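1. what follows is a protein structure lacking sequence information:
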């Protein structure tokens, strides 16, 4: 399987503090790749490196075979879209106007709004189910509705690659599942998605490719059924658990248990049965 987006021996961090060191990662084309790991393990740092927001101190990030930093910003934005962890809309902006900002990479000084731009915005709003919200102010929407608007803006860029940094954070369970189902629809439509998630069970259910990280490096990657084992969860999250089939999707499901009778902090569960 090809990879339009990848890192080669990349060291990525903030100022002089490296988070990801000598990291080589390939995102399979047309996959729904999910990056998991404990807090401060470098998940979001990797995603920001892939999106061109952070420049590697050493190594490089490649997009379509070229160093991503060799492109102009608008060219990158025509190739990949980013849904950041925290998005703030301008005060008093309507939903349709915010989604229309996704067409910015295609705007030039002498280029006016075109029927193609209108179609791109309309298609993005249809895909995310927000057409009936088009005249509403973004400030008036619920958290789940606002997140759909930001996804629509990213879709309006009409890129094949979408990067999603903790897209379900602060959403209730219903809106989390609705958003994950939307991402699954986008993946089935041919998009390559890369998401940072905290929920292992959601990652296992929806991902086609899983990357597990710890201490800035990749511990394992591959299909969720191959990667998500009790041993992997213990090594990466310091959590003993039982892995059972999800009764709905058949994907791996993580079942952690409480403390043992002696009051230790360990989770006592062995693969294949309980104690």
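-> Structure received. Note that the structure is a prediction, hence the values are computed from the model and not measured.

2. which stretches in this structure count as helices?
-> All helices of the chain, identified by DSSP state H, fall at 43-50, 73-77, 95-100, 115-128, 143-156, 173-188, 200-206, 224-227, 230-237.

3. count of neighbours near residue 14?
-> Counted with other Cβ atoms under 10 Å, residues neighbouring residue 14 total 10. (Glycine included, C-beta is placed from N, CA and C.)

4. which residues touch it?
-> Neighbouring residues of residue 14 by Cβ atoms under 8 Å, 6 or more residues apart in numbering: 45, 54.

5. follow-up on the earlier one: now tabulate the helices of the chain in TSV and tack on mean pLDDT.
-> Below are those laid out as TSV (pLDDT from 0 to 100):
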stretch	mean pLDDT
helix 43-50	95
helix 73-77	93
helix 95-100	95
helix 115-128	92
helix 143-156	90
helix 173-188	92
helix 200-206	97
helix 224-227	95
helix 230-237	95
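
6. can I get the ones you listed in a markdown table with mean neighbour count and distance to residue 107?
-> As requested, those are exported to a markdown table (neighbours: other Cβ atoms under 10 Å; distance: least, Cβ to Cβ, whole Å):
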| stretch | mean neighbour count | distance to residue 107 |
| --- | --- | --- |
| helix 43-50 | 24 | 24 |
| helix 73-77 | 15 | 9 |
| helix 95-100 | 22 | 10 |
| helix 115-128 | 17 | 8 |
| helix 143-156 | 22 | 12 |
| helix 173-188 | 16 | 24 |
| helix 200-206 | 22 | 34 |
| helix 224-227 | 16 | 40 |
| helix 230-237 | 17 | 43 |
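
7. rebuild those helices as CSV, extending it with distance to residue 218.
-> Listed next are the helices of the chain as CSV, based on distance: least, Cβ to Cβ, whole Å:
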stretch, distance to residue 218
helix 43-50, 9
helix 73-77, 24
helix 95-100, 35
helix 115-128, 31
helix 143-156, 25
helix 173-188, 21
helix 200-206, 15
helix 224-227, 11
helix 230-237, 11
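
8. ok, residue 134 - contacts?
-> Applying Cβ under 8 Å, 6+ apart, the residues contacting residue 134 are 94-96, 125.

9. was I right about residue 55 contacting residue 69?
-> Yes - counting by Cβ atoms under 8 Å, residue 69 is a contact partner of residue 55 at 5.7 Å.

10. how far away is the residue nearest to the spatial centre of the chain from residue 155?
-> The chain has residue 195 as the residue nearest its centroid, 1.5 Å off, counting by Cα atoms, centre = their mean. According to Cβ to Cβ, to the nearest Å, residue 195 stands 15 Å off from residue 155.

11. thanks a lot, see you next time.
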